[in-house]
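Asker: My questions concern the predicted model and sequence given below.
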Amino acid sequence: MLFALLKAKLERPDPMDPTIRKIDFTLNGQKVSTDVESHLNLVDLLRRFHLGGARESCGQGLCGCCTVLVDGVALSGCLTLAQLVDGKNLTTVEGLDASGDLSLVQQAFIDEGAFQCGFCTPGFILMTHQLLEVNADPEEQEIRDYLSGNLCRCAAYPEIIRAVKTAADRMRARGL
Ligand code: FES
Ligand code: FES
């Protein structure tokens, strides 16, 4: 275990290293490749592909605005170096529904008015997708706990909780 942790640390790119590396990854279902500097983070990598859903706010892993699913796991895009996503599968809020339509979670957020400025919304939506994958019928406290790493400065929390419940109801009704 210690060896694995040490190895992972050693393999982590040094942000001060000016080396540019080519990385290949899957972005919302499309295979892509690009050259990245070692200091580049995931949010800035996504900007190069004209994706603005993941937003950098605190820049410290505290607010969830920059959430990206990497191999199905929610990561903070502000703290994740772009070179680390080489070979991975990335999903952003723009790629939640392969057909290009809104996902049921996105629609529920709109229907429940679960945002004001919308800056935090992509992060909440991605986390809600993750939650409903592991728990199709979460209790209110489970929703609050799961989303506790996401902050909404507009304090739209009551509407967000309602949107998660609505999305869960609709997904279960469709057998999803
Ligand atoms: S900007 Fe990444 S967690 Fe806040
Ligand atoms: S809707 Fe404005 S920060 Fe959440």
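Answerer: Arrived safely, thanks for sending. Ligands and ions are numbered 1, 2, ... in the order given.

Asker: for stretch 30-45, which positions count as buried?
Answerer: By 16 or more other CB atoms under 10 Å, the buried positions in stretch 30-45 come out as 34, 36-38, 40-45. Just so you know, the C-beta spots here come from the backbone N, C-alpha and C atoms, and that holds for glycine as well.

Asker: From the chain's centroid, how far away is that stretch?
Answerer: Distance, stretch centre to chain centre, for stretch 30-45: 16 Å (CA atoms, centre = their mean, to the nearest Å).

Asker: got it, and stretch 43-53?
Answerer: 12 Å.

Asker: Stretch 47-56 too?
Answerer: That offset, for stretch 47-56, works out to 11 Å (CA atoms, centre = their mean).

Asker: same question, stretch 102-119
Answerer: Centre to centre, stretch against its chain (CA atoms, centre = their mean), the figure for stretch 102-119 is 15 Å.

Asker: Whether that stretch contacts ligand 2 - can you check?
Answerer: Yes - residues of stretch 102-119 contacting ligand 2 under CB under 6 Å from any ligand atom: 115-119.

Asker: Tabulate those residues (TSV), appending secondary structure and pLDDT.
Answerer: As requested, these are exported to TSV (DSSP: H, G, I helix; E, B strand; the rest coil; pLDDT from 0 to 100):
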residue	secondary structure	pLDDT
115	coil	96
116	coil	96
117	coil	97
118	coil	97
119	coil	97
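
Asker: For these, pick the one with the most neighbours.
Answerer: Highest neighbour count within these: residue 115, with 20 neighbours (other CB atoms under 10 Å).

Asker: That one touches residue 109, doesn't it?
Answerer: Yes - here residue 115 reaches residue 109: they are 6.5 Å apart, a contact under CB atoms under 8 Å.

Asker: Fine by me, thanks again.
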